[in-house]
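J.: Generate coordinates for the sequence data below:
(chains A and B)
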Number of protein chains: 2
Amino acid sequence: MHWAIILAGGAGTRFWPLSSPTRPKQLLPLAGTSSSAEATVARLEGLIPRERILVVTGPALAEPLRAHLELPPANLLVEPRAASTGPALAWGTQEAHRRDPDATVLALHADWHIPDPAPFRAAAAAALALADAGEFLVTVGVTPSRVETGYGYLIPGEPVADTGFRVHRFVEKPDAETAASLLAEGALWNSGLFAWRARTLLAEIDRHTPEVAPWLPRLAANDPEGFFRQVTPVSIDVGLLERSPAVVGIRGHFAWDDIGNWEALSRVRPHDPAGNVTVGPVAAIDAGDCIIWSDGIPIVASGVRDLVIVAANGRLLVLARERAADLKQTLDQLPPAIRNLPA
Amino acid sequence: MHWAIILAGGAGTRFWPLSSPTRPKQLLPLAGTSSSAEATVARLEGLIPRERILVVTGPALAEPLRAHLELPPANLLVEPRAASTGPALAWGTQEAHRRDPDATVLALHADWHIPDPAPFRAAAAAALALADAGEFLVTVGVTPSRVETGYGYLIPGEPVADTGFRVHRFVEKPDAETAASLLAEGALWNSGLFAWRARTLLAEIDRHTPEVAPWLPRLAANDPEGFFRQVTPVSIDVGLLERSPAVVGIRGHFAWDDIGNWEALSRVRPHDPAGNVTVGPVAAIDAGDCIIWSDGIPIVASGVRDLVIVAANGRLLVLARERAADLKQTLDQLPPAIRNLPA
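T.: Numbers count the residues shown, from 1 in each chain, chains lettered A, B, ... in the order given. I've put the predicted structure just below:
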């Protein structure tokens, strides 16, 4: 049967001061009225039933997600520590396998913005079908819509099994010039939407991922504590996909945004004629290309351009828009009394 | 005897959202720990005793000023409506004259920042001495320290009575080019620091100020209500000083700032090496030449330049610094729910 593993991690830094460790971006209505975590579950409707959706998350998020998502409590897998996507997907896949030895898994993230679910579902169904058909680790490459330095890319190689292709190369977060030439040579965004038979993934990890493989028996023995105590953090991309010959790509033609930082709101929310995105009680006067969010306190922005202005959780952030991607570095320089948000 | 008339009016718009009609800038510790109104009274110490200091203000400010300044309650003159400086000074002067027929009056404003009181007192004493010596309306021209388009200027003419000079011409708020050439020809800032015998001012108004003169008898009859109901609003500069041959200027050599808007804080407050003036819990990271004021909510400014950022009274303002002088126009465009501050 088909299962989904939704990764819902994150330190809650990229949308500070709106986000926090217990209110990370996937629980915030950044792109609209529902959170991306809710939208992620809803988007799977008709494809995978809720009782076969597993969510891997951390201790800070477990309770908010339990309250937020209508899933069986046992489907929330709470990692004792964050160890990147490799161990998280190993656990989720093992858990699906434990409940259903013939499980085929769709892996995705809780923080994506996908405005139109239909082509996403089509791509997910195609990925699952291809995974069902062979010993493949299927990765969905999304047709890029812009030069983007915040994403990873994959470059398609020779065709495989009708719908798929070998991945010629992965490129992690390129600079703008490299990104532009990647687009020119037909590279796709490495979205993180994967599909595999549970058995295949576990076998491939066993072969290629020494950071994780020795402790897979702990998962099989239903001892995630022991597994996470010993495993070495590694991403699924570096730890497996860049190493395994079982990797096969397929193309996904759907609008996709991982809402990586405040800047992303300019893509996923409507803006006024001057290019301002405003949420909450905001007056933008002779302002242009600003992203302004208030959770209550009225904001007046006048004569300014290219700023991110956020009032939330008793903090106020005024950030050059070009710095949105580096917000973490700014936060690292803050005294704890300012950085740490009220509970 | 010598009397002081302190004008303490103002709509409280220039330092929004910190200032408001009942908390205008002269009651705020903009330049330091005491308000400019307190500092104005303190600065007169040794020159004019408190019982001879009159304050002319409006209804919204009467109570805050009464609580704020240690003055006899009867020395607060509350205008029933704002009618510019001409009627205000006519009333204050008439009141001094009523209490002391030989009064000589020093007129000044409650919102000045004068870091060093000694040279100010010397200039005020010289102005009073000159006023005592003849039928003069003495205006103190302050030596300019920069090209400033927000002030009025006066151009000295031929000498009068040792220390004084005829005023060749008044120039109201020039553009930057005109201001620069005014500096080159030795113009002085028209500070609004005046001195006159009460009798002289009332006689000169009677001769030259038809907007006010017909209703002076109402003041003499101690009926300020009737006076303000009928008087035509006019500034003392336009209504009298630009018309009367009794005007004499003297030079004042003291640092003087009327703290006209948020921008002025960069002159009257210390700044960090990057040129930021910060008040309250503020973290300025890779920020430059910003003026950042918080009355409580922590502010983080990162990667920005030349901004005024103010969190006060439940409002947040982010303003291009070059717009600080035009804040009123911004406020005029705000919906009342944002503009009007909580009481």
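J.: quick one, strands of the stretch 101-250 of chain A?
T.: Secondary structure of the stretch 101-250 of chain A by DSSP state E, counting those that start in this stretch: the strands cover A:104-109, A:137-142, A:153-160, A:164-171, A:188-197, A:247-252.
J.: Save those strands as JSON lines, and put in mean neighbour count, mean pLDDT and distance to chain B too.
T.: Any C-beta I mention is one placed from the backbone N, CA and C, and that applies to glycine too. What follows is those, written out as JSON lines (neighbours: other CB atoms under 10 Å in any protein chain shown; pLDDT from 0 to 100; distance: least, CB to the nearest CB, whole Å):
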{"stretch": "strand A:104-109", "mean neighbour count": "25", "mean pLDDT": "98", "distance to chain B": "27"}
{"stretch": "strand A:137-142", "mean neighbour count": "26", "mean pLDDT": "98", "distance to chain B": "30"}
{"stretch": "strand A:153-160", "mean neighbour count": "17", "mean pLDDT": "95", "distance to chain B": "27"}
{"stretch": "strand A:164-171", "mean neighbour count": "17", "mean pLDDT": "95", "distance to chain B": "27"}
{"stretch": "strand A:188-197", "mean neighbour count": "25", "mean pLDDT": "97", "distance to chain B": "27"}
{"stretch": "strand A:247-252", "mean neighbour count": "23", "mean pLDDT": "97", "distance to chain B": "35"}
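J.: Could you list the buried residues of the helix or strand of chain A with the lowest mean pLDDT?
T.: Ranking every helix and strand in chain A by mean pLDDT, DSSP states H and E puts helix A:59-68 at the bottom, with a mean of 89. Neighbour-count burial for helix A:59-68, counted by 16 or more other CB atoms under 10 Å in any protein chain shown, picks out A:60-62, A:64-66, A:68.
J.: residues in contact with the residue of the stretch 1-150 of chain A at minimum distance from chain B?
T.: Proximity of the stretch 1-150 of chain A to chain B (CB to the nearest CB) peaks at residue A:17, 7.8 Å away. If a contact means CB atoms under 8 Å, 6 or more residues apart in numbering or on different chains, then residue A:17 has A:310, A:312-317, A:341, B:300 as its contacts.
J.: what do you get for residue A:170?
T.: A:152-155, A:190, A:237, A:241-242 are the contacts of residue A:170 under CB under 8 Å, 6+ apart.
J.: just to revisit the earlier point, list the helices and strands the helix or strand just after the least confident helix or strand of chain A packs on?
T.: Of the helices and strands lying after helix A:59-68 in sequence (DSSP states H and E), the nearest is strand A:76-78. Applying 3 or more CB pairs under 8 Å, 6 or more residues apart in numbering or on different chains; DSSP states H and E, we find strand A:76-78 packed against strand A:53-57, helix A:59-68, helix A:85-99.
J.: Next, the contact list for residue A:297, please.
T.: A:281, A:311, A:316, B:297, B:311, B:314-316 are the contacts of residue A:297 under CB under 8 Å, 6+ apart.
J.: Can you tell me which of these are buried?
T.: Buried, going by 16+ other CB under 10 Å: A:281, A:311, A:316, B:297, B:311, B:315-316, out of the contacts of residue A:297.
J.: With respect to residue B:78, which of these is nearest?
T.: Ranked by distance to residue B:78 (CB to CB), these are led by residue B:315 at 28.1 Å.
J.: Quick check: that closest one touching residue B:341?
T.: Yes: under the criterion of CB atoms under 8 Å, residue B:315 makes contact with residue B:341 at 6.6 Å.
J.: Just want the phi and psi numbers for residue A:36.
T.: Dihedral pair for residue A:36: phi -70, psi -30, per degrees, to the nearest 10.
J.: would you list every one of the helices in the stretch 201-343 of chain A?
T.: Applying DSSP state H, counting those that start in this stretch to the stretch 201-343 of chain A gives helices spanning A:216-220, A:224-230, A:236, A:265-268, A:327-332, A:336-339.
J.: Give me every residue in the stretch 1-150 of chain A lying close to chain B.
T.: Residues of the stretch 1-150 of chain A lying close to chain B by CB under 8 Å from any CB of the partner chain are residue A:17.
J.: Low-confidence regions, the stretch 1-150 of chain A specifically.
T.: Regions of the stretch 1-150 of chain A meeting the criterion pLDDT under 70 are absent.
J.: wait, what's in contact with the residue positioned nearest the centre of chain A?
T.: Against the mean C-alpha coordinate of chain A, by CA atoms, centre = their mean, the closest residue is residue A:109 at 3.8 Å. With contacts defined as CB under 8 Å, 6+ apart, the neighbours of residue A:109 are A:6-8, A:26, A:40, A:192, A:258.
J.: give me that answer again for 7 Å
T.: Going by CB atoms under 7 Å, 6 or more residues apart in numbering or on different chains, residue A:109 touches A:6-7, A:192.
J.: for residue A:190, same thing?
T.: Residue A:190 neighbours (CB under 7 Å, 6+ apart): A:139, A:141, A:151-154, A:170.
J.: Which two among those are spaced furthest apart?
T.: It's A:139 and A:151 that sit farthest apart of the contacts of residue A:190, by CB to CB, at 13.3 Å.
J.: hmm, who's touching stretch A:63-74?
T.: Outside stretch A:63-74, the residues that reach it (CB under 7 Å, 6+ apart) are A:8, A:22, A:27, A:35, A:37-38, A:41, A:50-51, A:53, A:55, A:57, A:76.
J.: Mind doing that once more with 6 Å?
T.: The contact list for stretch A:63-74 (CB atoms under 6 Å, 6 or more residues apart in numbering or on different chains) reads A:22, A:27, A:41, A:50-51, A:53, A:57, A:76.
J.: Would you point out the most distant pair within those residues?
T.: Checking these with CB to CB, the most distant pair is A:22 and A:51, at 26.3 Å.
J.: circling back to that earlier point, looking at the contacts of residue A:190, which one is closest to residue A:271?
T.: Of all the contacts of residue A:190, residue A:271 sits closest to residue A:151, with 22.0 Å by CB to CB.
J.: hmm, back to that, list only buried entries from the contacts of stretch A:63-74.
T.: Among those, the ones that count as buried by 16+ other CB under 10 Å are A:27, A:41, A:53, A:57, A:76.
J.: Double-check residue A:8 against residue A:55; I have them as touching.
T.: Yes: here residue A:8 reaches residue A:55: they are 5.4 Å apart, a contact under CB atoms under 6 Å.
J.: Nearest to residue A:212, out of the contacts of stretch A:63-74: which one, please.
T.: With CB to CB as the yardstick, the closest approach to residue A:212 among the contacts of stretch A:63-74 comes from residue A:57, at 18.7 Å.
J.: Residue A:38 and residue A:63, how far apart?
T.: 16 Å (CB to CB, to the nearest Å).
J.: do the same with residue A:286
T.: Per CB to CB, residue A:286 is found 44 Å from residue A:63.
J.: Could you list the buried residues of the helix ranked longest in chain A?
T.: If you go by DSSP state H, chain A has its longest helix at helix A:117-133. Within helix A:117-133, the residues that qualify as buried are A:117, A:120-121, A:123-124, A:126-131, A:133, counting by 16+ other CB under 10 Å.
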